[in-house]
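[1] sequence? don't have it. structure:
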């Protein structure tokens, strides 16, 4: 049986993950002696425009609330350009460099006005420089597009169809409960053309997010009693509205287990093919106890430069009562 790693989180894919642990694995650093490091988060979506980039300092005030804007790094020169394709052929980057500038009103955010689209199975390099302050480099390969199939025609019909209001899904979006038959999911290979001798393949991620506000959550557990003080949801439980499954690059199918969903109401399910660098960063973050740094492909700092291709579907989970 293939193993799927499941972990719950309060974030939605492909979201920006902040890791504020300080020091190294074997020799921790005292907070007072820690010099904040730059953290980069940049993610490319195959076939789409180049996304916004975040560049921030790690906050050494580990007891306070993290403020991205207060720690944002401004004035950096950031550019992304292709290096080679999946067969190792060098790409002439002339005219293909995507340059970023500071986003107005948001310190640490960078945007581009480029109309170029992210190409599939292409090796990209990112460079971020602020003279005398930081110099970051990172590389990643984009996955190809892939096809996603559901055994339930109702889900297949609404794949990649976004509702006008995700909090009140129209009737055509399917409803499920924990007593219904499982739905099988299969997909094509997003790494089918990759040269195995030159590049590690990425993996797949399946994430779900309950779209109900934290103070209005109703668990799917049929024994949950809203009038029982012992069943009152804790703050930690209310924050765990999302889940993620890590799937290996060679796996092509799985069953959608209804236990993957915790609360009733509208949900978004994301199916993603992600680059090796993104996969390893997320996997090491999920499995960290908070004392070790996640794997990072950013040289000169922390964070991740990754890539993904995504499908999504909206559905409604309904509670079964006894």
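    On my side now, so go ahead. Note that the coordinates shown come from a computational prediction; the quantities given were computed from them, not determined experimentally.

[2] Next, the buried residues of the helix ranked longest in the chain.
    The helix spanning the most residues in the chain, taking DSSP state H as the definition, is helix 276-286. By neighbour count on 16 or more other Cβ atoms under 10 Å, the buried set for helix 276-286 is 276-283, 285-286. Glycine gets a C-beta too; all of them are placed from N, C-alpha and C.

[3] Specify the next element, helix or strand, located C-terminal of it.
    Per DSSP states H and E, helix 276-286 leads on to strand 302-317 as the next helix or strand towards the C-terminus.

[4] Now do the buried residues in that following strand.
    By neighbour count with 16+ other Cβ under 10 Å, strand 302-317 contains the buried residues 302-317.

[5] other SSEs contacting that strand?
    In this structure, strand 302-317 packs against strand 38-45, strand 122-130, strand 134-141, strand 175-176, strand 265-274, helix 276-286, with contacts taken as 3 or more Cβ pairs under 8 Å, 6 or more residues apart in numbering; DSSP states H and E.

[6] angle of it against strand 134-141?
    Put simply, strand 302-317 runs at 50 degrees to strand 134-141, going by axes from the mean of the first three to the mean of the last three Cα atoms, to 10 degrees.

[7] average pLDDT across strand 302-317?
    Averaged across strand 302-317, the pLDDT comes to 96.

[8] At which residues are the helices of the chain located?
    According to DSSP H, the helices that the chain contains are 153-157, 235-239, 276-286.

[9] In the buried residues of strand 302-317, find the pair that's most separated.
    Spanning the widest gap among these are 302 and 316, at 38.3 Å by Cβ to Cβ.

[10] ok, back up a step: please identify which of the buried residues of helix 276-286 is nearest to residue 38.
    Nearest to residue 38 among these is residue 281, at 15.7 Å by Cβ to Cβ.

[11] about what we covered before: give me the distance from the longest helix of the chain to the chain's centre.
    Here the centre of helix 276-286 is set off from its chain's centre by 9 Å, with Cα atoms, centre = their mean, to the nearest Å.

[12] Can you tell me which helices and strands it packs against?
    Packing contacts for helix 276-286, counted by 3+ Cβ pairs under 8 Å, 6+ apart, involve strand 5-9, strand 134-141, strand 203-210, strand 242-247, strand 302-317.

[13] State the mean pLDDT of it.
    Regarding helix 276-286, the rounded mean pLDDT is 91.

[14] With stretch 213-232 instead?
    For stretch 213-232, the mean per-residue pLDDT is 90.

[15] ok, now stretch 145-156?
    96.

[16] got the buried residues for it?
    Of all the residues in stretch 145-156, those buried under the rule 16+ other Cβ under 10 Å are 146, 148, 150, 152, 155.

[17] Tell me which of the helices and strands packed on helix 276-286 lies nearest to residue 173.
    Proximity to residue 173 (Cβ to Cβ) singles out strand 302-317 among those, at 5.3 Å.

[18] ok so, going back, could you dump the helices of the chain into TSV and include distance to residue 91?
    Listed next are the helices of the chain as TSV, based on distance: least, Cβ to Cβ, whole Å:
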stretch	distance to residue 91
helix 153-157	36
helix 235-239	43
helix 276-286	19
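
[19] So for residue 321, which of these sits nearest?
    Minimum separation from residue 321 across these (Cβ to Cβ) falls at helix 235-239, 19.5 Å.

[20] now the closest one, how far from the chain's geometric center?
    20 Å.

[21] Could you give the bridge partners of residue 99?
    Beta-bridge pairing for residue 99 (DSSP bridges): residue 79.

[22] There's contact between it and residue 81 in this structure, I believe.
    No - using Cβ atoms under 8 Å, residue 99 makes no contact with residue 81, being 9.4 Å away.

[23] Show me which of the two is the more surrounded one.
    residue 81 (17 against 14; other Cβ atoms under 10 Å).

[24] And the pLDDT at residue 2?
    pLDDT recorded at residue 2 is 36.

[25] quick one: the residue lying closest to residue 108 once chain neighbours are set aside and residue 242, what's the gap?
    Leaving out its chain neighbours, the residue that sits closest to residue 108 by Cβ to Cβ, 6 or more residues apart in numbering is residue 72, at 2.2 Å. Going from residue 72 to residue 242 by Cβ to Cβ, to the nearest Å gives 25 Å.

[26] More neighbours: which of the two?
    Neighbours per residue, other Cβ under 10 Å: of residue 72 and residue 242, the larger number sits with residue 242, 21 against 18.

[27] For the more buried one, name its beta-bridge partners.
    With DSSP bridges as the rule, residue 242 is bridged to residue 9, residue 209.

[28] so what's residue 265 closest to, chain neighbours aside?
    Spatially, and ignoring its direct neighbours in sequence, residue 265 is nearest to residue 212 (4.1 Å; Cβ to Cβ, 6+ apart).

[29] give the contact list for that neighbour.
    By Cβ atoms under 8 Å, 6 or more residues apart in numbering, the contact set of residue 212 is 167, 218, 241, 263-266.

[30] Over to residue 68?
    54, 56, 108.
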